[in-house]
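Q: need the 3D shape of this:
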Amino acid sequence: MSEAPAETATPDAPRGKLVPIATGIGGLLLGALVGLFVVAPKLHPTPGSGAAKAVSHAAEGGEGKAAPMFKLDNVIVNPAGATGSRYVVLSVAIEVPDAATEAMLRESEVQFRDAVTGVLERQTIDKLTMLGARDSLRRQVALAAEPFVKGAKIKVYIPQFLIQ
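A: You can find the predicted model right below:
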């Protein structure tokens, strides 16, 4: 008689294991459907949606047209006090108001690169690793760019900043 209750327990054990698995599969399926029909259309607008029209309008030169950018890649400098054991690699992107200002920067690229190198050479490793160092560098690079942009309003970005 002691074996009879054991036999009734074995059919329930596999069924009890299937419930959490079925619940998990159902949850994954529901998540996939929500992602497909709710999240994906917001990330990648379809051609008829309003977001897609705004993107295409900007691409055609309408409102929101991207300002010209001048990029100075791979400025490599040994900072002050590093005695050749450390270096900084930096890329600078300058957003300018018009193509004429961009052309001025392109014409004087060598001189501007030298000015940016000078800004970095005056920095110590301690200054470069401080909180807010990139903001300070942006301001200093903007000051170094003033003679080359003839008073035009610019924005400085530092997309690459590596200290080794």
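
Q: can we go C-alpha only for contacts and neighbour counts from here?
A: Fine.

Q: centre of the chain to stretch 85-104, how far?
A: What separates the centre of stretch 85-104 from the centre of its chain is 17 Å, taken as CA atoms, centre = their mean, to the nearest Å.

Q: straight-line length of it, end to end?
A: 35 Å (CA to CA, to the nearest Å).

Q: helix/strand/coil for A67?
A: Of the three states, A67 takes coil under DSSP: H, G, I helix; E, B strand; the rest coil.

Q: next helix or strand past the helix or strand of the chain with the lowest mean pLDDT?
A: Scoring the helices and strands of the chain by mean pLDDT, DSSP states H and E places helix 50-59 at the bottom, with a mean of 41. Next along the chain after helix 50-59, taking DSSP states H and E as the criterion, comes strand 69-77.

Q: remind me what that next one packs against, helices and strands.
A: strand 88-95, helix 99-107, helix 109-121 (3 or more CA pairs under 8 Å, 6 or more residues apart in numbering; DSSP states H and E).

Q: which one of those lies nearest to A142?
A: Nearest to A142 among those is strand 88-95 (8.5 Å), distances taken as CA to CA.

Q: buried ones in the closest one?
A: V88, V89, L90, S91, V92, A93, I94, E95 (16 or more other CA atoms under 10 Å).

Q: so what touches it?
A: If you take CA atoms under 8 Å, 6 or more residues apart in numbering as the criterion, strand 88-95 is touched by 67-79, 154-164.

Q: can you say which of those residues are buried?
A: Neighbour-count burial (16+ other CA under 10 Å) applied to the contacts of strand 88-95 gives 68-72, 75-79, 154, 156-158.
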